[in-house]
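Colleague: Sequence plus predicted model, see below.
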Amino acid sequence: MALKQNEQDLLDRVQSGLGIAGTWQPSSSNATFDVKDPATGEVIKSIADASVEDAVRALDAAVAAQDAWAATPTRERSNILRRAFDLLMERKEEFALLMSIEMGKPISEARGEVNYGGEFLRWFSEEAVRVHGDYRQNPEGTGTMMVSHLPVGPCYFITPWNFPLAMATRKIAPALAAGCTVVIKPAALTPLTTIFFVQLLEEVGLPAGVVNVVPTSKASAQSSALLSDTRLRKLSFTGSTPVGVKLLEAAAQNVLRTSMELGGNAPFVVFEDADLDKAVEGAMLAKFRNIGQACTAANRIIVHESVADEFAKKVAEKVAAFKIGRGAEEDVQIGALIDDKAVANSARLVADAVENGATVVTGGEIIDGPGNFFQPTVIDKLSPQAAIMREEIFGPVLGIIRFSTEDEAVEIANNTEYGLVSYVFTENIARGHRMIEKLESGMMGLNTGIVSNAAAPFGGVKQSGLGREGGAEGIHEFLSTKYTLIPR
Ligand code: NAD
């Protein structure tokens, strides 16, 4: 299936080079790699494959731009971010289409991601001018203590493929607001949206070298080189926990500041006193958004035994009615998964669950190609031994496990090394409050299936990560605290 003319025209406007120091250039090795449409398997663009040398030049550029950017008045930094927000909103359709083509998500969700990703630009344009310190008396009365917050310096960002725009803006916006410069490495599966976004930043007047983009097929070599460079001041990574652990080990050599937004295994608990329709609606969002490929995806649907039959029936009716297809087509609700490995993984997890006693209520099969499609699936009566209870599914598979007491629900929910987000459905206020205290997660949706918001601190506990993105907390990931004593 050939690309449509408007799709080809859009792809032609995306740079195929590396964005270093305000110019677009080929790789020093002249290497390129292909980007594919996961719904068709077709190559849609070849782009420059950054060598280690290119990445070091990108860091050179970020280091060279750092002092001037930190000295740029906060109002000016704020205005650039605000203009970026305005232009992104004008170009919403283009960014949504590009994301949908390179990543597979339904176009309506891609528009939602432009809104969400854009909000970080607006939010941090507002935060940029509100960074302040404080001024204290020392207890001895012999001096004053000044506490100020200064930009940490050049940052390195590594982002995943599942939210190509929002994972970039969630890091770039607070860094720019704080006065830091950036080298970003988007996922090799979905580099085009980040490149196009860096082009947009140039258009709104971001000075050369402040944000540099170096996609590569050799992520490990690139990160090793940059993390061992003592000019780098901060690593912010979003991706899987095993890769996060490797990067933390490498970052430890220079005691580098790090933020880690890692994997999840979200429990979605439906109590017997829940509003069941609200819970069903929440589960559809929390599970099937982004075709299940979200760190916040509900991974284990933990339902009280007295309402589980009805819950399973209601979700299965909705799931069976999903429109499946290429995400760029209007009205599609379930697009292609990112690659064939993701399809095989969903198939493996369903087969394993069935072997362990679960029943398939709807779906459960691979859809023949072209493209990477798996049927949206509901499985019920999961046993605690099923691999789904431990592993991130990252596919359109909703698995239900039943419980009988509140303590049992809490035990199942917390029985994971992850702790990003949890969802709880109950109409009992006291129980809701108990769950806020008892569930081990950095975020919680109480009677809602979606929590992400630029104004909120996004992040996890346990092996889901370190640090917070968004909210008032987000900018402090890019500031270091300095205390000065001034004797009287
Ligand atoms: P991944 O860890 O495989 O890759 C993430 C990024 O790291 C990519 O850019 C990849 O190229 C790069 N990378 C891989 N190996 C590397 C290495 N050795 N050195 C340096 N970079 C390396 O994850 P993914 O498959 O792209 O994304 C899915 C994962 O991301 C899931 O675990 C998901 O939960 C997590 N995620 C977390 C959040 C969050 O905010 N907590 C958000 C989105 C995704």
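Modeller: Looks like it came in fine. Numbering: from 1, shown residues only.

Colleague: Below-threshold pLDDT in the chain: ranges please.
Modeller: Low-confidence segments of the chain, defined by pLDDT under 70: 1.

Colleague: which non-adjacent residue is nearest the residue of it found nearest the ligand?
Modeller: The minimum distance from the chain to the ligand, using CB to the nearest ligand atom, falls at residue 239 (2.6 Å). Backbone N, C-alpha and C define where each C-beta goes, glycine included. Closest residue to residue 239 apart from its sequence neighbours, by CB to CB, 6 or more residues apart in numbering: residue 160 at 4.7 Å.

Colleague: and residue 188, how far is that from residue 275?
Modeller: Separation of residue 188 from residue 275 (CB to CB, to the nearest Å): 43 Å.

Colleague: who's more crowded, those two?
Modeller: residue 188 (17 against 14; other CB atoms under 10 Å).

Colleague: tell me the contacts of the spatially most central residue of the chain?
Modeller: Among the residues of the chain, the one closest to the centroid is residue 167, at 4.5 Å (CA atoms, centre = their mean). Residue 167 makes contact with 159, 160, 238, 261, according to CB atoms under 8 Å, 6 or more residues apart in numbering.

Colleague: Residue 299 too?
Modeller: Going by CB under 8 Å, 6+ apart, the list of residues near residue 299 reads 264, 265, 266, 267, 268, 388, 392, 393, 399.

Colleague: one more time with 7 Å, if that's ok
Modeller: For residue 299, the contacting residues are 264, 265, 266, 392, 393, by CB atoms under 7 Å, 6 or more residues apart in numbering.

Colleague: Now render those residues as a markdown table, adding secondary structure and neighbour count.
Modeller: As requested, the contacts of residue 299 are exported to a markdown table (DSSP: H, G, I helix; E, B strand; the rest coil; neighbours: other CB atoms under 10 Å):
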| residue | secondary structure | neighbour count |
| --- | --- | --- |
| 264 | coil | 28 |
| 265 | coil | 29 |
| 266 | strand | 31 |
| 392 | coil | 22 |
| 393 | coil | 24 |
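
Colleague: so which of these also contact the ligand?
Modeller: Among the contacts of residue 299, proximity to the ligand is found for 264, 392 (CB under 6 Å from any ligand atom).

Colleague: do the host helix or strand of residue 341 and the ligand meet?
Modeller: When elements are assigned from DSSP states H and E, residue 341 belongs to helix 340-355. No - applying CB under 6 Å from any ligand atom, one finds helix 340-355 separated from the ligand by no less than 8.8 Å.

Colleague: Test my guess that residue 456 contacts residue 471.
Modeller: Yes - using CB atoms under 7 Å, residue 456 makes contact with residue 471 at a distance of 5.1 Å.

Colleague: Go ahead and confirm residue 481 touches residue 152.
Modeller: No - in this structure residue 481 lies outside contact range of residue 152 using CB under 7 Å: 10.3 Å.
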